[in-house]
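J.: This is a predicted model, with the sequence first.
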Amino acid sequence: MLPDRISRQQINRKTLTVIAVCYSIYLLVLFFHKCLPFKDYADWKISEWMINYEGGFVRRGLVGQLLYWLYEIHPYPVRDAILLICTAAFVALIYCLVRLFRKEGWSYMLLFTPCLLVMTLPVYGLFYTRRDNLAMLITWLIFILWSKYARKQNAWTMLAAQLLSVFTLLMHEASFFFTFPILALFCYNYFSSGSSPLRAFGKTFAAMLPAMATMAVVCMSKGDGHVAADVWASWFPAMERYPLGNNPNVIGDGVEALGWETMPTFAFHFKRNWMGVAAGFIPTFPFKLLKFAALYYLVTRINTVSIGRHSLKNIDRIHMSDFMLAQFIFLLPMFTVLSCDMPRLWCYWVFSTLIAYHYFKNASLPFFNQLSRMSVKIQRGMDKWHFLSSPYAYIVAMALLFC
């Protein structure tokens, strides 16, 4: 019986590998069909990078200001430089993820999940040209530096972590939610060793102060229509020297967003995320919840599917669930009123969970005991449904995220 069982396992592995290869081919065809079309300065995914401080200090302006200074030093095609940065960030993130999956012994199949490919492959309308890949890489570096500081107490490591924290928030404030709450829990656990709770809280507050102060300044400097106009006008020389076909007088979508009013924007995001309808009458709310459940299942059961020759290791599903639930809680502002690009938020959720799990899994983080009780209930409930342990059920869960 043993040879027959091994034979079935080999057949399953080869079948699933073929599915992954076919899926990859489909994604490449989709990329060439949808993503190669021309993009000009006015496109959101390009113009967002062009936000700078020429109209005054404003959120998301640091990278654009650096690009602007470089252009003043020596003119260059700005759109092409932005695409080069995005491509480099994409390649670097893929490389780091593959190394992480190999080191942890996780199944690569998770990386083929449709919504995650918003970041890991340039599939959905050049979404990869957003700042997400770069922001995730910086979060990764911050986690590395903090875990290194916890081991060696090196002051330069702490300084580098603080500088990167300020940089990423000045680049895009969304990184605050998937980076710093979980980091604060790690810091409190680290500082509580040999210290009273009050002293540990004080040290944690001091360690998080640069990030919190930067986030506060960024939130107060949202910009307005006048700032947006000044920012766009600062790029006129570049757009005239390297024209791309768009009307330079029409402000790009990403820059124009600086003038959006706060409360109407919040209401728009919430309505689009949770009150949408399909086919004119079918509420999308239940389907959104189903996708969240599917993502939770895919991450906590990450090694359900084995493809290729990559050897898998056992994982602590309960602890992985703890991180998944914690990051979901921390990202609730993004999932509700601060964004309406749900596929990008799913990427934040999943990748930040995996990175945090890798670096902080051995730390006794505060509040995780409460999360563990919930994780145990959920995971035991899933164990009762034996088909959820099937690799083909995993494939079906991935397919749900196409809808």
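T.: Arrived safely, thanks for sending. Residues are numbered from 1 along each chain as shown.

J.: For the rest of this, base every contact and every neighbour count on C-alpha atoms.
T.: Fine.

J.: Against which helices or strands is the helix or strand where residue 395 lies packed?
T.: Using DSSP states H and E, residue 395 maps to helix 391-400. With contacts taken as 3 or more C-alpha pairs under 8 Å, 6 or more residues apart in numbering; DSSP states H and E, helix 391-400 sits against helix 285-300.

J.: what's the angle between the helix it packs on and helix 391-400?
T.: If you take axes from the mean of the first three to the mean of the last three C-alpha atoms, to 10 degrees, helix 285-300 sits at 130 degrees to helix 391-400.

J.: Return the angle between stretch directions for the very next helix or strand once past helix 285-300 and helix 285-300.
T.: As assigned by DSSP H and E, the chain's next helix or strand after helix 285-300 is helix 317-330. Angle of helix 317-330 versus helix 285-300, following the same axes, to 10 degrees, is 140 degrees.

J.: so for helix 317-330, what's the average pLDDT?
T.: In this model, helix 317-330 has an average pLDDT of 97.

J.: Enumerate every residue touching residue 239.
T.: Residue 239 makes contact with 41, 248, according to C-alpha atoms under 8 Å, 6 or more residues apart in numbering.

J.: got a list of contacts for the helix holding residue 395?
T.: 113-114, 291, 294-295, 297-298, 304-305, 387-388.

J.: So which of the residues you listed is the closest to residue 376?
T.: residue 297 (13.5 Å; C-alpha to C-alpha).

J.: okay, now the closest one: neighbour count?
T.: 20 (other C-alpha atoms under 10 Å).

J.: any idea whether residue 69 is helix, strand or coil?
T.: Following DSSP: H, G, I helix; E, B strand; the rest coil, residue 69 is assigned to helix.

J.: Near it, how many other residues are there?
T.: For residue 69, the count of nearby residues is 13 (other C-alpha under 10 Å).

J.: can you check residue 250 too?
T.: 12.

J.: Am I right that it is in a helix?
T.: No. Residue 250 is assigned coil when assessed by three-state DSSP, not a helix.

J.: How is the closest residue to it other than its chain neighbours assigned, secondary-structure-wise?
T.: Closest residue in space to residue 250, ignoring its immediate chain neighbours: residue 42 at 7.4 Å, by C-alpha to C-alpha, 6 or more residues apart in numbering. Following three-state DSSP, residue 42 is assigned to coil.

J.: Now do residue 42 against residue 252, distance only.
T.: Counting by C-alpha to C-alpha, to the nearest Å, the separation of residue 42 from residue 252 is 4 Å.

J.: Residue 321 too?
T.: For residue 321, the distance to residue 252 - C-alpha to C-alpha - is 41 Å.

J.: likewise residue 65?
T.: Taken as C-alpha to C-alpha, the span from residue 65 to residue 252 is 16 Å.

J.: coming back round to it: mark which of the contacts of helix 391-400 are buried, thanks.
T.: The neighbour count (16 or more other C-alpha atoms under 10 Å) marks 113-114, 291, 294-295, 297-298, 304-305, 388 as buried among those.

J.: Dump these to JSON lines, plus pLDDT.
T.: Converted to JSON lines, those look like this (pLDDT from 0 to 100):
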{"residue": "113", "pLDDT": "80"}
{"residue": "114", "pLDDT": "69"}
{"residue": "291", "pLDDT": "91"}
{"residue": "294", "pLDDT": "94"}
{"residue": "295", "pLDDT": "94"}
{"residue": "297", "pLDDT": "97"}
{"residue": "298", "pLDDT": "95"}
{"residue": "304", "pLDDT": "90"}
{"residue": "305", "pLDDT": "86"}
{"residue": "388", "pLDDT": "91"}
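
J.: now the residues you listed as JSON lines including distance to residue 99?
T.: Conversion of the buried ones among the contacts of helix 391-400 to JSON lines gives the following (distance: C-alpha to C-alpha, whole Å):
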{"residue": "113", "distance to residue 99": "18"}
{"residue": "114", "distance to residue 99": "21"}
{"residue": "291", "distance to residue 99": "27"}
{"residue": "294", "distance to residue 99": "25"}
{"residue": "295", "distance to residue 99": "22"}
{"residue": "297", "distance to residue 99": "22"}
{"residue": "298", "distance to residue 99": "19"}
{"residue": "304", "distance to residue 99": "19"}
{"residue": "305", "distance to residue 99": "18"}
{"residue": "388", "distance to residue 99": "27"}
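
J.: Of these, which is the nearest to residue 171?
T.: residue 114 (26.3 Å).

J.: Would you mark the buried spots in the host helix or strand of residue 79?
T.: Assigning secondary structure by DSSP H and E places residue 79 in helix 78-104. By neighbour count with 16+ other C-alpha under 10 Å, helix 78-104 contains the buried residues 78-79, 82-83, 86-87, 89-90, 93-94, 97, 101-102.
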